[in-house]
Structure formats: C-alpha cells, structure tokens
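# Sequence unavailable; structure follows:
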C-alpha cells in the first residue's frame with residue numbers, strides 16, 4: 001500500500017526504494033525458507049540392546065527408554081538447518097549483497113523523495129518490524145517438540161507430577177531399573193540426583209538402594225526406620241530421615257499402582 005501511495009503522488013524515489021525493499025526481503029525470505037530442517041543423531045551399533053537416557057532440568061526429569069537409535073537422537077541429537085547450496089552458500093552471499101545494496105540506495109535516495117513518501121517509507125519499516133516481532137513470538141520449543149515427536153513416530157509419553165525432589169528421584173530410579181537385564185549401581189544413580197553427603201542422606205540412599213536392588217515394589221521393608229538407623233542421629237535428623245523415607249515410600253507405591261495399570 002505504501003508503494004502504491006508513493007506512485008499515486010508521483011514520488012518515484014520512495015516508490016522505487018520501497019519496491020526494492022519488498023523484492024530484496026522477499027527473495028531473502030524465500031532462500032532462507034527453502035532450507036530443510038533435520039535432526040542429526042548418532043546411529044547405534046547393529047544388535048545393540050534396548051537402552052535408556054535422561055534429560056535433567058531444575059524441576060523436571062525426562063526418562064527415555066526403548067531402542068538405542070531414537071534414544072541417541074533424543075539425548076545426543078541436534079536440530080540442523082541445511083540451506084540450499086551448502087556448504088558454499090552462494091545464494092546466501094548474493095542475498096547479503098542484495099540487502100547491503102538496498103540499504104545503501106535507501107540511505108542515499110530516500111532523502112530525495114517528498115515528505116509524504118518518506119512517511120510512507122517509515123510506515124513500511126514499522127509494519128515490517130511488527131511482523132518480524134510477531135514471527136519471533138511463535139513458540140519455537142513447541143514447534144521443535146511436535147517435529148521431534150513426528151520424527152520418532154509419536155512414541156508413548158507418560159507424565160507424572162510428584163510432590164518433592166526425593167519422590168521424583170526415587171520414581172525416576174524405578175523407571176530406569178525396572179525391567180533391565182543388567183545390574184545398575186543404584187547408590188551412584190541416587191547420588192547423581194541428590195549429591196548431599198550428610199549422615200541422613202547417606203542412610204537414606206543406603207535404604208532406598210537396598211529396596212531398589214530387591215526389585216520388590218509392594219513389600220517395602222527396607223524403607224522402614226529401624227532403631228539402629230537413628231542411633232547416631234539427633235531428633236531433628238530422625239524426623240528428616242522419616243520424612244525422606246515417607247517420600248520414597250510414596251514413590252514406590254505410586255510406581256506400583258501405575259505399573260499395575262499398564263498390564
């Protein structure tokens with residue numbers, strides 16, 4: 001509209017510069033938009049067994065289980081944007097040259113136009129900035145997640161909301177240990193999530209690790225507070241250990257219920 005308005009009042013300098021901006025930005029957007037988005041992952045060795053992986057955030061943990069190839073894609077892969085003409089990128093170079101030429105010509109010729117044409121030029125820039133800002137507000141993470149799930153052929157996803165960090169830790173360990181045919185160092189796994197090394201946490205890790213190694217999810221004898229557990233602890237530490245063991249018990253009970261519901 002700004003370009004047509006400048007043509008109607010006979011301001012050919014501003015008309016040409018606005019039209020040049022439309023053409024150069026359109027060509028650049030077409031070249032960049034023709035790039036192909038792909039996921040680069042590591043291939044697993046032939047005959048590799050099922051595996052697992054972890055993605056850890058401040059308040060969330062993602063556990064992935066299944067074949068090694070998709071797990072490697074999730075845990076070690078990356079998004080790659082491959083432009084046409086790579087690795088030389090001649091088209092990108094030409095687009096850069098076109099945009100620089102546009103900038104220099106607009107810098108020299110826009111002052112030669114009328115006041116009306118200059119106002120139209122500024123309005124066209126403002127509209128372009130607003131549109132660019134609108135595009136930048138798109139939820140990139142959600143788009144990438146949908147693309148990743150489609151690439152993995154929509155795998156099964158289970159979401160759990162747990163009350164405390166200790167409950168989340170035990171529940172995650174149960175997800176990783178259940179059904180595995182190889183031994184897992186449960187104490188080391190627990191320490192990865194909660195590295196605290198006070199006497200309370202040491203006793204808690206020992207009892208939870210023992211329960212995990214038993215592969216028993218309903219009879220939780222190892223999570224009971226025994227008299228010898230509190231022999232060298234203060235009253236406050238005993239209460240803390242009791243609370244932590246209750247969190248672990250909740251994780252085992254919740255996991256057992258979910259496990260039974262999947263059968």
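The structure has been received and is ready for your questions. On a predicted model such as this, the values are computed, not experimentally measured, just so you know.

# Show the end-to-end separation of stretch 210-227, please.
17 Å (CA to CA, to the nearest Å).

# quick one: the helices in this structure?
Using DSSP state H, the helices of the chain run over residues 2-8, 12-33, 68-76, 90-109, 115-136, 140-151, 165-177, 186-193, 199-213, 235-261.

# ok, of these, where does mean pLDDT dip lowest?
Across those, helix 68-76 has the smallest mean pLDDT, namely a mean of 73.

# what's the angle between that helix and helix 140-151?
If you take axes from the mean of the first three to the mean of the last three CA atoms, to 10 degrees, helix 68-76 sits at 170 degrees to helix 140-151.

# chain center to helix 68-76, what's the gap?
14 Å (CA atoms, centre = their mean, to the nearest Å).

# Identify each buried residue in it, please.
68, 70, 71, 72, 73, 74, 75 (16 or more other CB atoms under 10 Å). C-betas here are computed from N, CA, C, even on glycine.

# wait, the fifth one sits on residue 152?
Yes: counting by CB atoms under 8 Å, residue 73 does reach residue 152; the two are 7.2 Å apart.

# Same list (the helices of the chain) but as TSV, adding distance to residue 53.
Formatted as TSV, the helices of the chain follow (distance: least, CB to CB, whole Å):
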stretch	distance to residue 53
helix 2-8	53
helix 12-33	33
helix 68-76	4
helix 90-109	35
helix 115-136	31
helix 140-151	14
helix 165-177	9
helix 186-193	13
helix 199-213	19
helix 235-261	19
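
# Nearest approach to residue 58 belongs to which of the ones you listed?
helix 165-177 (10.0 Å; CB to CB).

# Output the contacting helices and strands for the closest one.
Secondary-structure packing of helix 165-177 (3 or more CB pairs under 8 Å, 6 or more residues apart in numbering; DSSP states H and E): strand 51-56, strand 61-66, helix 186-193, helix 199-213, helix 235-261.

# I'd like these as a markdown table, with mean neighbour count appended.
Shown next, in a markdown table, are the helices and strands packed on helix 165-177 (neighbours: other CB atoms under 10 Å):
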| stretch | mean neighbour count |
| --- | --- |
| strand 51-56 | 15 |
| strand 61-66 | 16 |
| helix 186-193 | 17 |
| helix 199-213 | 19 |
| helix 235-261 | 16 |
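
# Nearest to residue 124, out of these?
Smallest distance to residue 124 across the helices and strands packed on helix 165-177 (CB to CB): 44.2 Å, for strand 51-56.

# So what touches stretch 255-262?
158, 160, 171, 174, 175, 178, 217, 218 (CB atoms under 8 Å, 6 or more residues apart in numbering).

# Noted, bye for now.
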